[in-house]
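# fold the following, please.
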Amino acid sequence: MHNKNTYDTRIAALKAAVPYTLPILAGFLFLGMAYGVYMNAYGFSFVYPMIMSAVIFGGSLEFVAVSMLLSPFAPIAVFLLALMIQARHLFYGIAMLYRFKGLGWKRWYLIYGLCDETFSINYTAKIPQGIDRGWFMLWVTFLNQCYWVAGATLGGLFGGFLPFDTKGLDFVMTAMFVVIFLEQWMHEKQHYTAGIGILSAIICLRVFGPDSFMLPTMILILGSLVLGRGFLEKKVQGT
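Reported below is the predicted structural model:
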């Protein structure tokens, strides 16, 4: 009886998670295939994008890793570059500390599989009543990773047979983030946090340029939220 209840809990969480991940499926399949095609163009078999997408699971870093594999061995430089590219995940982890609390073994995989899109869903999603929070977040994480691995593997397998130019496919992810942002905007009565994010991004973009503004933006957003926590909490409680 206990096993049946556990199974039902997992299936219910899976059914609740799938609709949230469908937009990610479209984006990850296209961008993952573009990554697989990219690796194929540099002479790597499909095994490389398949394994790298599962183990690294960081889209920007995986694209850069192609040139790393073709460059002279420089582990320290590679480590520093990888840290710079993925440093924004430090802030994602801080934001998810409370949500991962008390989830037991699940939190280890949730930490490992925390990417931009998974963070967006697990942080903002309104989990239906009666759905296990831990299993919901685990399914979101697992499904998103499966979508990415599937896209990268397919791109690596069939990249040599595609007759069209794949330039610009990475814009799919930008469009998807815009949709997620707009959906969150429409569900909020107050837009203080969104305003902080937009203003921080504009300031850092002007100061640091398009290639280096992401990390300063995250720091500015985090600092603004910490300093303005009391004000924001009062506004939220007053709605």
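
# which helix in the chain runs the most residues?
Criterion DSSP state H: the longest helix present in the chain is helix 2-41.

# average pLDDT for that one?
The pLDDT scores in helix 2-41 average 84.

# for it, which positions count as buried?
12-14, 16-17, 20-21, 23-25, 27-40 (16 or more other C-beta atoms under 10 Å). Any C-beta I mention is one placed from the backbone N, CA and C, and that applies to glycine too.

# do stretch 52-62 as well
Result for stretch 52-62 [16+ other C-beta under 10 Å]: buried residues M52, S53, F57, G58, G59, L61, E62.

# same check, this time on stretch 136-149
Of the residues in stretch 136-149, those buried (16+ other C-beta under 10 Å) are 136-145, 147-149.

# and stretch 219-235, by the same measure?
Under 16+ other C-beta under 10 Å, the buried positions of stretch 219-235 are I219, L220, I221, S224, L225, L232.

# what is the mean pLDDT for it?
76.

# which ones among the buried residues of stretch 136-149 map onto helices?
Per DSSP H, the buried residues of stretch 136-149 map to helices at 136-145, 147-149.

# right, and M68 touches L80 too?
No. Counting by C-beta atoms under 8 Å, M68 stays clear of L80, with 11.7 Å between them.

# between these two, tell me which one has more neighbours.
M68 (15 against 11; other C-beta atoms under 10 Å).

# for the most centrally placed residue in the chain, give me the pLDDT.
The chain has D116 as the residue nearest its centroid, 2.0 Å off, counting by C-alpha atoms, centre = their mean. Here, the pLDDT recorded for D116 equals 84.

# quick one: it and A74, what's the gap?
27 Å (C-beta to C-beta, to the nearest Å).

# same thing with I203?
For I203 relative to A74 (C-beta to C-beta), the value is 34 Å.

# looking at these two, which is more packed in?
Set side by side, I203 and A74 show more neighbours around I203, with 14 against 11, by other C-beta under 10 Å.

# contact partners for that one?
L220 (C-beta atoms under 8 Å, 6 or more residues apart in numbering).

# and the pLDDT at it?
92.

# distance of V140 relative to S120?
When V140 is compared with S120 (using C-beta to C-beta), they lie 10 Å apart.

# helix/strand/coil for D211?
coil (DSSP: H, G, I helix; E, B strand; the rest coil).
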